[in-house]
Each structure stands twice: as C-alpha cells, then as structure tokens.
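Enquirer: Build me a structure from this.
(4 chains)
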Protein chains: 2
Amino acid sequence: MLASIDTRISSLTEVEVASPESLVINPTAERKGVAGGPCATCSAHNQAICSGLKDQELEEFARNVRTRLVKTGQSVYREFEEAKYLYSVVTGEIRLANLLDDGRRQVTAFKSAGEVIGEEKNGYYQSDAEAVCDTVVCQIPIKALDKFLTEMPSIQTALTAKVLDELLALRRHAILLGRKTPIEKVATFLINRAGKASGNPSNEIQVELTMGRNDIADFLGLTIETVSRTITKLRKMGLLEVPSNHSILIKDRAWLKSLAEGEK
Amino acid sequence: MLASIDTRISSLTEVEVASPESLVINPTAERKGVAGGPCATCSAHNQAICSGLKDQELEEFARNVRTRLVKTGQSVYREFEEAKYLYSVVTGEIRLANLLDDGRRQVTAFKSAGEVIGEEKNGYYQSDAEAVCDTVVCQIPIKALDKFLTEMPSIQTALTAKVLDELLALRRHAILLGRKTPIEKVATFLINRAGKASGNPSNEIQVELTMGRNDIADFLGLTIETVSRTITKLRKMGLLEVPSNHSILIKDRAWLKSLAEGEK
DNA sequence: CGGCTATTTGAGAGAAATCAAGGATAGTGG
DNA sequence: CCACTATCCTTGATTTCTCTCAAATAGCCG
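Expert: Reported below is the predicted structural model:
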C-alpha cells in the first residue's frame, strides 16, 4: 500500500513543473466516462466524506473539487488565514500545529488519507497545516461545500462524524500531554500508528513514520532528546527494533499497549 | 450576575425533595402564555443554541427539553455511557474530564452558561461531565434534536459553531499542556476566566473560581502543589490578590496576559 | 566522497513531583 | 452561636525527571 502511494506521488511530482509551489490538477480532466467520475477511483474515496455519494452526486462533487500536491514542508494553510477551502487528504500526511509567539510549537494531529482538515473559527483557520511528506489533498471550496451539505445529507453526516472524531482525538491527546510519562507518550504514539497502519492483529508489527523526531517531540510535548532516549530505552527493553529513522518494528504489541495505558 | 445565579440555584435546591439524585423540571409547567414559551425567559437563552429561534419554534423546542439540577460533584453523564441527550448549561459550571485506568485525570474544559456538552462518538459520550458547583442544565433528547437540526437550520448552524469553538479551545489547550510553563499555564487560565467574566477592559478585575485547586491542577496538567505555589508566586509579584480560595483579584491584567503568552 | 541535517548520547542544572506537615476554611451538629 | 471535624489549601524539604547544553555519530543528498 505504501508502495502504491509512493508511485502515485512520484508520478505526480514529475508533472510538478506546472506550478513550483503547489500543483493543481483538475480531476475532471484526468478520466472521463467512469461512473461517479474521477472521484470514484480516488484512492482515499472509501474513507473520505464523499464515500456515501451516489454516482451522479459524486460526479457533481468532482466538478467542484481540485487536487493539489503539497510537497514536504510546504503549508496547505496557516492559522489566522481566511478559510476558503476544506481539504480531504488523499495520500501522504499533514501535520496540524499551533505556535506560541516565541516559536514553541504544539502539533495537535497528523492527518492521513480520508481525513479532513481545514476547520475554521469565524472564517479563519485554527492552525497551521503542513505536509510532513509529499502529500496530495483534495480541495473543496467552502461555498460549494455549503451547497453539498444541504443537497447531499451523507456529506453532512460524514463531516459531523469526522469533526466529532477529531474532538475525541484531541481529548485523548490532552490526557496524554497533561498526564502521561514520556514512555507512555511514545508507546501511545506508536500503538496508535500501528492501529492506523494495518488490521494485522499479530503481536509484531512494522510502523512507518513519515515524520521526523522533531515532529514527534512537538506532538508529544517532549524535547527531541527525550523522544530519542525513550525510543532507545524501549529498544533496549526488547520492545522495538529501529531498522531506520523512519521505520520502527514493534516486537511486542500487547506489552507496548499496556505501557501506553500506564500499566507498569 | 453571580448573585442572581445563586438565588436561582438555591430556590431550585429547595424543591429538590422530588428527586435526591437530580431534579427534573418541565419548563412548560412553569410559565404559560409567554411568547416563545419558557425558553424565551431562560437566563442562558441569548448564548445558547436556541437563541436564533423564532417564538413559535422556541415553543416547539421548549416542549421537547427539560431542565435538570445537578448538585456539586454529581455527574451529568460518564464516558462510554450511551449518549441519549445533548445538554446546554443554564447556570453553574460543568467540568469535562477523561481518566486513565490508574486514576490520573485530565480536565479538558469547564463549561458554563450557554455552552453545549454531550458530544459523542458512535453513540457514546466522550468524557465524564460533572458539576463543579450546583448547576442547572437543559436536557435535549438526541432524537428530538435530529428533527430540530433539519427543521430549524439556526440550531444546526449554532451547534456547528459551538463544536468548532470547542475544537479551537482544545487546540489552544493542547499547546498549553504540551508547551507552557506553570506560570504561563496559571496566567492563561486566569486571563481566560477574566475574559469570560466580564467586558470590563480595566486593568484590575475580579475572577470568581467555582472549582477547587484540584480541578485547576487537573485542567492545567500540574499537581495541586504547583498550582498553589504558582499562585503564591504571582501574588508576591504583586499581580494578584487572593481574598478567598474561590476568588482572585487580578491587579494587572495586561501584565498577566503577557505572562500567559510567554513574554518574560 | 563530502557536506549537511537528523539523530543519538552524555553530563549537568533546573524544575516540578513527591513526601510530609501545618494552617485555613467550611460545613455539621450540639 | 460556637466548637468540632473533615476537607482544602499552603508551605517546606527532598527526590526524581526532564530539559538544556554540548558533542559525536549516523544517514542522506548531491
């Protein structure tokens, strides 16, 4: 699955000449005659807010959206910027972050395929959204969205569910930030990643990290050194192997999970 | 304003014989013949999700809701409990909290008049909701709400706005928990309270705390001792006076605000 | 291969948690 | 109304962690 994402991204990247900052592709231009239009064949379709749409609605939806390639480190939008679009992540990964004036940063979430970003307050985005790796997002104009919400109830429902999911995720994250130890934080992070990564319930599982230690530290409310030391500690306990900086092999998922919950 | 709340609560408390656990009052029984029904005269009406309703809609709304007195320490609902109602706070204050298995607690928000609680995920509440002090809530059955959402668009709009507000508040709280120092945390807490408390932009302002130090500690991700020491420190800096445990006088709001943002 | 960046590791300082009393406050019942 | 008790809050001493500062190592890109 990761391989197919990589393929998709690099093929898109090659077209990237068109716009050095961020590539905009009109999906209607890509495929014609497919039932449901181009969105029907989107790799994120099944997990996205458009998944409940019928063929005809989906075609209408497709006419209103654009996909956009956001390269590593580039931002999709910034906090306090006027919110004109809602986005759905297609491939890759986005980090949402908030900053203090002196540069301290808190990453509040990593968002991947099918997830929605772009929440606003009084018309302005609530946080910075930046690509952790080369990422494709689906850009939905707020104006078009308003129409969809009334005409296509399944979008309303799906969107509400996504927002409530995000609320819950933030609550879970709050208890992590405020009350968990570094080991519990890192264990929770890895377990959540493993859950995202596959349905394989086996005790050993490979986790791919798109982000660097810095992002992990800012996500968990730690310094980069503490993250590094904690991973080392888990490795020396025999819980992990670290084949590369961006990949971690969990040797004992159940044990790691119990650590994540604070059972010592 | 606080005085009027107290009056209201104690008058309700006296009726409390009816139900030792939590008093249920049918507002339709209270007043008749008022345009908009009993909800029109609700002290929280202007800030609540029902504020945009016309008289007739409001009467329909009133027929479907009940008010409920929740005494100090009692819970409105618990995490993982089936979500049958959405609530709007009328008077008093509710704390939302999540727990770890070993009892560690993170308070994610304090909710007062006009604010909504009861967010769910797959039909189950996301956190514990408990009364910080004697509190009156308006109980809206989810089933009735679903009907309102389609028939009264202003409710849909208001509710969406409330949820987005909550998302933003949680993001702000995440950066507080993950990246702020104890002084910044306490200063932020007090400044936010002061903002809630009044429109008085003067430099000196009185803040009423309904909750104890324990709740503040669990809200800010600190121990109770650190909260206490930090308040003492701010007091000795001449920034605060503490006339009673539940009341704090901010002597220099601008200075406190600059501390809250991390400017040293 | 060389330079750049990311990550790991080490030593030391500082800060908040923990452990332990002591003091204030509020609510209860005489 | 006041004494009494339970709870809450503050303060002090000590310990433990995590951060900070510093440097070495590893990985990556051209």
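Enquirer: pLDDT on stretch A:228-237, on average?
Expert: In this model, stretch A:228-237 has an average pLDDT of 97.
Enquirer: Briefly note if that stretch comes near DNA strand C.
Expert: Yes. Using C-beta under 7 Å from any atom of the strand, stretch A:228-237 reaches DNA strand C at A:Ser228, A:Arg229, A:Ile231, A:Thr232. Bear in mind the C-beta positions are built from the backbone N, C-alpha and C, glycine included.
Enquirer: repeat for stretch A:70-82
Expert: No. Judged by C-beta under 7 Å from any atom of the strand, stretch A:70-82 and DNA strand C are separated, with a smallest distance of 8.8 Å.
Enquirer: Distance from that stretch to the middle of the chain?
Expert: For stretch A:70-82, the separation from the chain centroid amounts to 14 Å (computed by C-alpha atoms, centre = their mean, to the nearest Å).
Enquirer: Give me the buried positions along it.
Expert: For stretch A:70-82, the neighbour count (16 or more other C-beta atoms under 10 Å in any protein chain shown) marks A:Val70, A:Lys71, A:Ser75, A:Val76, A:Tyr77, A:Glu79 as buried.
Enquirer: which SS state does the residue in the stretch 101-250 of chain A that DNA strand D sits nearest to fall under?
Expert: Nearest to DNA strand D, among the residues of the stretch 101-250 of chain A, is A:Thr226, at 3.2 Å (C-beta to the nearest atom of the strand). When classified by DSSP: H, G, I helix; E, B strand; the rest coil, A:Thr226 comes out as helix.
Enquirer: Does it touch A:Ala217 like I think?
Expert: Yes. At 7.3 Å, A:Thr226 counts as touching A:Ala217 under the criterion of C-beta atoms under 8 Å.
Enquirer: neighbour count winner among these two?
Expert: Taking neighbours as other C-beta atoms under 10 Å in any protein chain shown, A:Thr226 and A:Ala217 compare with A:Ala217 leading, 20 against 16.
Enquirer: ok, now which ones touch that one?
Expert: By C-beta atoms under 8 Å, 6 or more residues apart in numbering or on different chains, the residues touching A:Ala217 are A:Thr223, A:Ile224, A:Thr226, A:Val227.
Enquirer: Which members of the residues you listed are classed as buried?
Expert: Of the contacts of A:Ala217, these count as buried by 16+ other C-beta under 10 Å: A:Thr226, A:Val227.
Enquirer: same for DNA strand C: which of the contacts of A:Ala217 are within range?
Expert: The residues of those that also fall near DNA strand C, by C-beta under 7 Å from any atom of the strand, are A:Ile224, A:Val227.
Enquirer: Could you check how far stretch A:44-52 is from the centre of its chain?
Expert: The answer for stretch A:44-52 is 15 Å, by C-alpha atoms, centre = their mean.
Enquirer: And the strands in chain A?
Expert: For chain A, the strands defined by DSSP state E cover A:23-25, A:66-70, A:75-77, A:85-91, A:93-99, A:105-112, A:116-117, A:120-121, A:124-125, A:128-131, A:135-141, A:205-208, A:240-244, A:247-250.
Enquirer: Within the sheet, what are the partner strands of the longest one, with directions?
Expert: Looking back up the chat, that one is strand A:105-112. Using DSSP bridges, strand A:105-112 pairs in its sheet with strand A:93-99 (antiparallel).
Enquirer: which other residues reach the partner strand?
Expert: A:70, A:76, A:79, A:87, A:105-112, A:117, A:126-133, A:135, A:137, A:210-211, A:215, A:218-219, B:171-172, B:174-175.
Enquirer: Those residues of the stretch 1-150 of chain A touching chain B, which are they?
Expert: Residues of the stretch 1-150 of chain A found near chain B (C-beta under 8 Å from any C-beta of the partner chain) are A:96, A:98-102, A:104-106, A:108, A:119-121, A:126-127.
Enquirer: switch to 7 Å and redo it
Expert: By C-beta under 7 Å from any C-beta of the partner chain, the residues of the stretch 1-150 of chain A that approach chain B are A:Asn98, A:Leu100, A:Asp101, A:Asp102, A:Arg104, A:Gln106, A:Thr108, A:Glu119, A:Glu120, A:Lys121, A:Gln126, A:Ser127.
Enquirer: And these, which is closest to B:Val34?
Expert: A:Lys121 (34.2 Å; C-beta to C-beta).
Enquirer: Highest neighbour count among the residues of stretch A:228-237 next to DNA strand C?
Expert: Sorting the residues of stretch A:228-237 next to DNA strand C by how many neighbours each has (other C-beta under 10 Å) puts A:Ile231 first, at 18 neighbours.
Enquirer: can you pull the contacts of that one?
Expert: Each residue near A:Ile231 by C-beta atoms under 7 Å, 6 or more residues apart in numbering or on different chains is listed here: A:Val186, A:Leu240, A:Val242.
Enquirer: Just put those residues in TSV and tack on neighbour count, distance to A:Phe61 and pLDDT.
Expert: Compiled in TSV, the contacts of A:Ile231 are given as follows (neighbours: other C-beta atoms under 10 Å in any protein chain shown; distance: C-beta to C-beta, whole Å; pLDDT from 0 to 100):
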residue	neighbour count	distance to A:Phe61	pLDDT
A:Val186	27	40	98
A:Leu240	21	42	95
A:Val242	14	42	96
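Enquirer: Test my guess that A:Arg179 contacts B:Arg104.
Expert: Yes. Checked against C-beta atoms under 7 Å, the pair A:Arg179 and B:Arg104 is within contact range at 4.4 Å.
Enquirer: neighbour-wise, which of the two wins?
Expert: Counted by other C-beta under 10 Å, A:Arg179 and B:Arg104 do not tie: A:Arg179 has more neighbours, with 20 against 16.
Enquirer: Quick one: residues contacting the closest residue to A:Gly92 other than its chain neighbours.
Expert: Once flanking residues are discounted, A:Gly92 sits nearest to A:Thr135: 2.8 Å by C-beta to C-beta, 6 or more residues apart in numbering or on different chains. By C-beta under 7 Å, 6+ apart, the residues touching A:Thr135 are A:Val70, A:Val89, A:Thr91, A:Gly92, A:Glu93, A:Ile94.
Enquirer: And these, which is closest to DNA strand C?
Expert: Looking at the contacts of A:Thr135 and their distance to DNA strand C, the nearest is A:Glu93, at 14.2 Å (C-beta to the nearest atom of the strand).
Enquirer: how near is the closest one to chain B?
Expert: Separation of A:Glu93 from chain B (C-beta to the nearest C-beta, to the nearest Å) stands at 18 Å.
Enquirer: separation between that residue and B:Val76?
Expert: As judged by C-beta to C-beta, to the nearest Å, A:Glu93 and B:Val76 stand 37 Å apart.
Enquirer: try A:Gly92
Expert: From A:Gly92 across to B:Val76, the span is 41 Å (C-beta to C-beta).
Enquirer: Any idea how many residues pack against the nearest residue to A:Ala62 once chain neighbours are set aside?
Expert: Sequence neighbours aside, A:Gly37 is the residue nearest to A:Ala62 in space, at 3.9 Å (criterion: C-beta to C-beta, 6+ apart). Counted by other C-beta under 10 Å, the residues lying close to A:Gly37 total 23.
Enquirer: any weak-confidence spans in the stretch 101-250 of chain A?
Expert: A:197-202 (pLDDT under 70).
Enquirer: Which positions in it make contact with DNA strand D?
Expert: Applying C-beta under 7 Å from any atom of the strand, we find that the stretch 101-250 of chain A lies next to DNA strand D at A:Thr181, A:Pro182, A:Gly221, A:Leu222, A:Thr223, A:Glu225, A:Thr226, A:Ser244, A:Asn245, A:His246.
Enquirer: contacting residues around A:Asp101?
Expert: B:Glu261, B:Gly262.
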